[in-house]
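Visitor: Provided below are the primary sequence and the corresponding predicted coordinates.
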Amino acid sequence: MKKRERTLKCPPQVWWKRLGGEYLLTNEVGEYIMLSPGEFRVFTGTGALPSSGRKFLEMEEKGFLRERLDFESLARRWKESNSYLDRGPGLHIFVLTLRCNHKCLYCQSGALREEEKRSDMDLKTARKSLDFALDAPVKGLTIEFQGGEPLLNWKVLKETVLYGEKKAKASGKEIKFALVSNFSLMTKEKADFLVKHRVALCTSLDGPASLHDRNRILAGGGSHALAVKWIKYFTGVCGKGSDCGPSALLTVSKHSLGREKEIVEEYARLGLASIFVRSLAPIGFAGALWDKIGCSPEEFTGFYKNSLGHVLRLNKKGLDLKEKTAFLLMKKAIGMEDNKYVDLRCPCGAGLGQLAYDFNGDIYTCDEGRMLARQGDGLFKAGNVFEDAYLDVISSGAVKACAAASSLDSQPMCARCVWRPYCGICPVYNYQTQGSLWGYMPGNGRCRILKGIFETVFGFLKDKKAVEVFRKWLDS
């Protein structure tokens with residue numbers, strides 16, 4: 001008996017592009033499918049496909065067939081992957097000090113010298129900021145300590161953790177703490193406190209010592225050696241990938257180019273659970289040195305492709321090392337989950353997913369907005385913990401402007417882009433580089449970087465062993 005054939009009709013919200021020798025299709029809920037040229041012609045209504053075929057059933061299951069849509073399932077999946085829209089900001093960044101003992105080539109925060117204590121957050125401001133953060137309508141929130149170097153204000157950091165634990169019990173909310181530090185001022189006493197109170201730890205690691213110490217200059221010694229010492233210590237005490245186990249951030253500058261393998265293997269050597277390949281952004285004081293330390297979107301995309309390729313090769317040999325950006329993309333594309341990464345949301349996380357608190361209690365839509373204020377432009381300031389209530393801040397002009405400017409539906413190119421379900425706009429980047437919150441996507445460097453990353457990650461989906469690695473990451 002001849003198999004029944006159906007002419008397909010695609011639903012309205014489907015995007016596609018040619019990727020290699022196939023067509024990649026995505027839809028509103030973040031599902032994707034790869035079609036051959038012949039299958040694509042069927043999809044666009046110029047042919048027919050057996051209704052019992054594997055590809056037909058996959059298209060039906062993922063919501064690509066207009067006449068076979070399971071609205072209840074699609075609505076549930078959309079809600080799960082966009083659950084952040086039902087919440088307020090869950091990430092609250094406390095800038096404990098602008099002082100730092102490093103002189104990093106790419107410093108974006110405009111750090112001050114160690115002796116300039118006028119930029120330290122006092123305990124009163126820290127407690128007031130934590131009380132303010134608790135007003136956000138979220139069941140759980142994260143307080144992230146940043147700087148400068150936050151360990152230079154250890155007393156306030158420690159007391160804020162203790163105060164937060166008491167407030168968590170009284171409010172019934174869960175409060176997690178995180179520390180972003182260069183680790184150079186870490187001591188056994190501080191480390192024991194952080195481990196005991198389950199403070200998540202993150203440092204910077206730009207690769208082997210020759211590269212790291214060139215980027216992250218520490219007077220009187222090598223910053224790489226100290227970072228490595230404490231990465232090993234916390235990994236040994238907490239265990240790899242645990243709540244308090246250390247993570248590290250890689251900042252890709254011009255000096256990183258061509259050293260992808262060395263950098264990835266340094267992360268593997270230290271037993272880190274993940275590597276986060278991030279491009280340096282021309283925001284804050286890094287913009288003034290861009291010609292010397294920045295790299296083009298195309299250079300970074302090449303670096304990212306080589307780095308991810310090496311990470312996948314190591315995984316295929318049995319090593320457990322995630323690349324964070326690819327993991328976040330697959331978490332949504334395969335796992336259908338909110339990846340909780342505020343930079344890749346629509347609208348973006350500025351004000352809606354995070355708030356940044358300066359040492360004096362000023363509140364900004366995000367930490368990048370705070371960095372811009374250090375240059376004298378307070379456009380992204382949303383209020384102050386001593387002067388404004390939570391509702392006033394969250395409904396401020398700064399938060400509303402970021403939400404409007406980061407809506408992908410408001411960008412003609414973004415609204416039609418195949419990467420729309422996974423992408424997000426950064427108004428601060430647009431403003432800093434193009435003079436407009438909305439920006440101009442055809443010439444937007446961040447847009448070109450993200451497209452390069454997305455094409456790289458989805459390109460690896462043609463490799464069955466790479467897909468197995470991605471799924472292993474999601475299951476771990």
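Guide: Alright, I've got the coordinates.
Visitor: Please count neighbours and contacts with C-alpha atoms only from this point.
Guide: Noted.
Visitor: Check which residues of stretch 212-230 are buried.
Guide: By neighbour count on 16 or more other CA atoms under 10 Å, the buried set for stretch 212-230 is 212-218, 222-224, 227-228, 230.
Visitor: Same check on stretch 292-302?
Guide: Buried residues in stretch 292-302, defined by neighbour count with 16+ other CA under 10 Å: 293-297, 300-302.
Visitor: Quick one: low-confidence residue ranges for the stretch 251-400 of the chain.
Guide: Residue ranges of the stretch 251-400 of the chain with pLDDT under 70: 284-285, 339.
Visitor: just to revisit the earlier point, so which of the buried residues of stretch 292-302 comes closest to Tyr23?
Guide: Distance to Tyr23, by CA to CA, is smallest for Thr301 among the buried residues of stretch 292-302, at 20.9 Å.
Visitor: Could you verify my assumption that that closest one touches Ile453?
Guide: Yes - with contact defined as CA atoms under 8 Å, Thr301 reaches Ile453; the gap is 6.3 Å.
Visitor: mind checking the end-to-end distance for stretch 415-430?
Guide: 17 Å (CA to CA, to the nearest Å).
Visitor: So which bits of that stretch are buried?
Guide: Those would be 415, 417-430, for stretch 415-430 by 16+ other CA under 10 Å.
Visitor: now do stretch 449-459
Guide: 449-458.
Visitor: would you turn those into JSON lines with secondary structure, distance to Glu72 and pLDDT?
Guide: Below are the buried residues of stretch 449-459 laid out as JSON lines (DSSP: H, G, I helix; E, B strand; the rest coil; distance: CA to CA, whole Å; pLDDT from 0 to 100):
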{"residue": "Ile449", "secondary structure": "helix", "distance to Glu72": "35", "pLDDT": "96"}
{"residue": "Leu450", "secondary structure": "helix", "distance to Glu72": "31", "pLDDT": "96"}
{"residue": "Lys451", "secondary structure": "helix", "distance to Glu72": "31", "pLDDT": "97"}
{"residue": "Gly452", "secondary structure": "helix", "distance to Glu72": "34", "pLDDT": "97"}
{"residue": "Ile453", "secondary structure": "helix", "distance to Glu72": "32", "pLDDT": "97"}
{"residue": "Phe454", "secondary structure": "helix", "distance to Glu72": "29", "pLDDT": "97"}
{"residue": "Glu455", "secondary structure": "helix", "distance to Glu72": "30", "pLDDT": "97"}
{"residue": "Thr456", "secondary structure": "helix", "distance to Glu72": "32", "pLDDT": "97"}
{"residue": "Val457", "secondary structure": "helix", "distance to Glu72": "29", "pLDDT": "97"}
{"residue": "Phe458", "secondary structure": "helix", "distance to Glu72": "27", "pLDDT": "96"}
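Visitor: pLDDT of the helix or strand that Ala466 is a member of, averaged?
Guide: In the assignment (DSSP states H and E), Ala466 maps to helix 464-475. When pLDDT is averaged over helix 464-475, the result is 94.
Visitor: Which strands or helices does that helix pack on?
Guide: helix 297-316, helix 324-333 (3 or more CA pairs under 8 Å, 6 or more residues apart in numbering; DSSP states H and E).
Visitor: how far away is Lys99 from Met121?
Guide: Not quite, residue 99 is Arg, not Lys. With CA to CA as the criterion, Arg99 and Met121 are 11 Å apart.
Visitor: sorry, that was for Ile33
Guide: Applying CA to CA to Ile33 and Met121 gives a distance of 50 Å.
Visitor: Who has more neighbours out of these two?
Guide: Met121 (23 against 16; other CA atoms under 10 Å).
Visitor: ok, the nearest residue to that one once chain neighbours are set aside to Ala398 distance?
Guide: In space, and not counting its chain neighbours, Met121 is closest to Phe359: 4.2 Å by CA to CA, 6 or more residues apart in numbering. From Phe359 over to Ala398 the distance is 19 Å, taken as CA to CA.
Visitor: And for Leu352?
Guide: Counting by CA to CA, the gap from Leu352 to Ala398 is 11 Å.
Visitor: Between the two, which has more neighbouring residues?
Guide: Ranked by neighbour count (other CA under 10 Å), Leu352 and Ala398 place Leu352 first, with 26 against 21.
Visitor: is it true that that one touches Asp86?
Guide: No - taking contacts as CA under 8 Å, Leu352 lies outside contact range of Asp86: 9.9 Å.
Visitor: if you go through the stretch 201-350 of the chain in chain order, where are the helices?
Guide: Assigned by DSSP state H, counting those that start in this stretch, the helices in the stretch 201-350 of the chain fall at 209-215, 223-238, 260-269, 290-293, 297-316, 324-333.
Visitor: okay, the longest one in PDB with CA atoms only?
Guide: I take that to be helix 297-316. Provided in PDB are the C-alpha atoms of helix 297-316 (Å, rounded to 0.1, in the frame of the first residue of the first chain):
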ATOM      1  CA  PRO A 297      34.300  39.700  15.800                       C
ATOM      2  CA  GLU A 298      35.700  37.500  13.100                       C
ATOM      3  CA  GLU A 299      39.000  36.900  15.000                       C
ATOM      4  CA  PHE A 300      37.000  36.000  18.100                       C
ATOM      5  CA  THR A 301      34.700  33.700  16.200                       C
ATOM      6  CA  GLY A 302      37.700  31.800  14.800                       C
ATOM      7  CA  PHE A 303      39.100  31.600  18.300                       C
ATOM      8  CA  TYR A 304      35.800  30.300  19.700                       C
ATOM      9  CA  LYS A 305      35.500  27.700  17.000                       C
ATOM     10  CA  ASN A 306      39.000  26.300  17.700                       C
ATOM     11  CA  SER A 307      38.500  26.400  21.400                       C
ATOM     12  CA  LEU A 308      35.100  24.600  21.400                       C
ATOM     13  CA  GLY A 309      36.500  22.100  18.900                       C
ATOM     14  CA  HIS A 310      39.400  21.300  21.300                       C
ATOM     15  CA  VAL A 311      37.000  21.000  24.300                       C
ATOM     16  CA  LEU A 312      34.900  18.500  22.400                       C
ATOM     17  CA  ARG A 313      37.900  16.500  21.300                       C
ATOM     18  CA  LEU A 314      39.000  16.300  25.000                       C
ATOM     19  CA  ASN A 315      35.500  15.200  26.000                       C
ATOM     20  CA  LYS A 316      35.500  12.500  23.400                       C
END
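Visitor: Let me know the angle separating it from helix 324-333.
Guide: Interaxial angle of helix 297-316 relative to helix 324-333 (axes from the mean of the first three to the mean of the last three CA atoms, to 10 degrees): 80 degrees.
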